[in-house]
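Student: Predicted model follows, preceded by the sequence.
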Amino acid sequence: MTDTTWKYENFEPAGSAIGYRIRRKLDEVQSPFQKIEIYETTDWGNLMLIDGAVMLTTRDNFLYHEMMSHPALFTHADPKRVVIIGGGDCGTLREVLKHPGVESAVQCDIDEQVTRMAEKWFPELCERNGDPRAQLLFDDGIAWMANCEPGSVDIVIVDSTDPVGPAEGLFNKAFYGSCFRALRDDGILVQQSESPLVLLELIREMRVEMGKAGFTEFKTLPFPQPCYPTGWWSCTLARKQARGFEFRETDARAKAFDSRYYSADVHRGALATPPFVAAALDE
């Protein structure tokens, strides 16, 4: 490969594409579930693709991982037990374990090879893998949640790929019902919810399925994510009981850990849903 080689991901639903200038391919593995590729880019650090779709880059993954974790953890009154379904690159796990009040964090990803590739090519994301509070499982997250003890979890974070392939079963009533049972009464479910610019119908359908499972309140938080289609992404929070989505702002401002994107002010701003999104989601 030369310095002018480019790697593109075409995104048919948006009629758009994302491209990265790459120097060389670093690694590739075909797991029992998917093909994982790692490239070295000229400007974005390392790049991970799964089945040809961009998963993360060294340069911008912090946006996603921080927003998938900190808003929910600061919204919950006292999160002690967190479960991450998916999240094999371990970046969300790292952010969750920055919260000293968390007593245990289980990460359940079906594909061990994602974690092994992250350990090799994105070691900064795996800094907390050895934390005594962390438990890394390589198993079917759908089955694991179905067997989870009722009322035993404070927050479930669904850090999944798009709703195709191994992740297809993570976007329906049956799976959300398992999450609902596993969560305590004040529990929060977090689901990565795609682009609010071009996939609003998917977000609406996802929230309908969450409602069928028993969740009563929803809030979709948008955030920038240059490596994902349209460059604008979101996570959706769902609550078992109608408690609103105000957060522990004083604690967020006094947090004892560093973050590159998340702050109390960013969190407050993300709660202000853009009018066209609010209209589409009936907020």
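Tutor: That came through fine.

Student: what's the closest non-adjacent residue to residue 262?
Tutor: Spatial nearest neighbour of residue 262, excluding adjacent residues (CB to CB, 6 or more residues apart in numbering): residue 66 at 4.1 Å. (Each C-beta comes from the backbone N, C-alpha and C, glycine too.)

Student: Now the strand or helix carrying the one you found: buried residues?
Tutor: Assigned by DSSP states H and E, residue 66 belongs to helix 61-75. Counting neighbours by 16 or more other CB atoms under 10 Å, one finds that the buried residues in helix 61-75 are 61-75.

Student: Surely the residue nearest to residue 262 and residue 259 touch.
Tutor: Yes: the pair residue 66 / residue 259 is scored as a contact, 5.4 Å apart, by CB atoms under 8 Å.

Student: Find residues that contact each of these two.
Tutor: residue 95 (CB atoms under 8 Å, 6 or more residues apart in numbering).

Student: Okay, helices next: where are they in the stretch 51-200 of the chain?
Tutor: Assigned by DSSP state H, counting those that start in this stretch, the stretch 51-200 of the chain shows helices spanning 61-75, 91-96, 112-121, 141-146, 173-182, 200-212.

Student: Give me whichever of those helices is most buried.
Tutor: For those, the largest average neighbour count (mean count of other CB atoms under 10 Å) is found in helix 91-96, namely a mean of 26.

Student: That one packs against which elements?
Tutor: Helix 91-96 sits against helix 61-75, strand 81-86, strand 104-109, strand 153-159, with contacts defined as 3 or more CB pairs under 8 Å, 6 or more residues apart in numbering; DSSP states H and E.

Student: Which among those is found nearest to residue 42?
Tutor: Proximity to residue 42 (CB to CB) singles out helix 61-75 among these, at 17.4 Å.

Student: List the beta-bridge partners for the residue found closest to residue 52 once you drop the neighbours it is linked to in the chain.
Tutor: Nearest non-adjacent residue to residue 52, counting by CB to CB, 6+ apart: residue 9, 6.5 Å away. Under the criterion DSSP bridges, residue 9 forms beta bridges with residue 18.

Student: these two touch, right, residue 9 and residue 51?
Tutor: No: using CB under 8 Å, residue 9 makes no contact with residue 51, being 10.3 Å away.

Student: Mind checking the pLDDT average for stretch 179-186?
Tutor: Average pLDDT, stretch 179-186: 97.

Student: May I have it exported as CSV, CA atoms only?
Tutor: The C-alpha coordinates for stretch 179-186 follow below in CSV (Å, rounded to 0.1, in the frame of the first residue of the first chain):
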residue,chain,number,x,y,z
CYS,A,179,-32.9,-6.2,30.5
PHE,A,180,-36.1,-4.9,32.2
ARG,A,181,-36.2,-8.0,34.5
ALA,A,182,-32.5,-7.8,35.4
LEU,A,183,-32.6,-4.1,36.3
ARG,A,184,-33.6,-2.8,39.7
ASP,A,185,-36.6,-0.5,40.0
ASP,A,186,-34.4,2.6,39.5
